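# Structural data only, the sequence is not supplied:
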């Protein structure tokens, strides 16, 4: 990942520890951070770390995270955001130490949903892709960077001409979850 690619990016809730090396951008999440809006669970969180650029019109973004986890609910993934009440995210998440899940969440008007599917054990890298096509978003993932599978088609109710899109990381239950953002590209 070239630093020139990142010149138009900024942070929402910048983490305390970010560094660069030959692997990419290393990010250490703060303790008890998340993006979630739920009446059912009776809490709202908007303090995860989001590294984004602003986009208008149709676009395709692909990014890759490398990670090791031993904590419940650790997440590093992809996000598109209008504001704190309207966004979506997709990420690998470990609800337990047994089975990793690929989860996605759409938040419209301050209400988050959740969809998940099991993915193979031993995952320590994943590619995500989002395509915006005429106001709709198609979300994909890949375990090898070549074969992408669609996980979601969605629409944000309060979509705007300009959205924020990029990579996010959070650790809802512990500190020191580390992810390495090793690629981020646009078409």
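Okay, I see it. Keep in mind the model is a prediction, meaning the values are calculated, not measured.

# In contact with residue 153, which residues?
136, 137, 138, 139 (C-beta atoms under 8 Å, 6 or more residues apart in numbering). The way it works is simple: take the backbone N, C-alpha and C, and place the C-beta from them, glycine included.

# In the protein, where is pLDDT below threshold?
Where the chain drops to pLDDT under 70, the residues are 1-3, 39-41, 69-71, 96-98, 175.

# picking that back up, so which of the contacts of residue 153 wins on neighbours?
When neighbours are counted by other C-beta atoms under 10 Å, residue 139 leads those with 22 neighbours.

# ok, now how distant is the spatially closest residue to it that is not a sequence neighbour from residue 176?
Of all residues not flanking residue 139 in the chain, residue 152 sits nearest, at 4.2 Å (C-beta to C-beta, 6 or more residues apart in numbering). To residue 176, residue 152 is 29 Å away according to C-beta to C-beta, to the nearest Å.

# between those two, which one's more packed in?
residue 152 (16 against 12).

# And for residue 24, nearest residue in space, chain neighbours not counted?
residue 182 (3.6 Å).

# Give the other helices and strands that the helix or strand where that neighbour lies contacts.
For residue 182, the element it lies in under DSSP states H and E is strand 178-186. Here strand 178-186 touches strand 24-28, strand 59-67, strand 162-170, going by 3 or more C-beta pairs under 8 Å, 6 or more residues apart in numbering; DSSP states H and E.

# Does anything pack onto the last one? Which helices or strands?
Using 3+ C-beta pairs under 8 Å, 6+ apart as the contact criterion, the secondary-structure elements in contact with strand 162-170 are strand 49-56, strand 59-67, strand 75-83, strand 125-133, strand 178-186.

# okay, those strands in TSV with mean neighbour count and distance to residue 12 next?
Listed next are these as TSV, based on neighbours: other C-beta atoms under 10 Å; distance: least, C-beta to C-beta, whole Å:
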stretch	mean neighbour count	distance to residue 12
strand 49-56	19	4
strand 59-67	20	16
strand 75-83	23	8
strand 125-133	20	17
strand 178-186	19	15
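
# how about the helices and strands packed on strand 178-186 in CSV, adding distance to residue 81?
CSV is the format used below for the helices and strands packed on strand 178-186 (distance: least, C-beta to C-beta, whole Å):
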stretch, distance to residue 81
strand 24-28, 17
strand 59-67, 13
strand 162-170, 4
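
# Tell me which of the ones you listed approaches residue 43 most closely.
For these, the distance to residue 43 is smallest for strand 162-170, at 13.8 Å, taking C-beta to C-beta.

# Other residues contacting that closest one?
Contact with strand 162-170 is made by 9, 12, 15, 27, 29, 33-35, 47-56, 59, 61, 63, 65, 74-82, 89, 91, 130, 132, 156, 177, 179, 181, 184, as judged by C-beta under 8 Å, 6+ apart.
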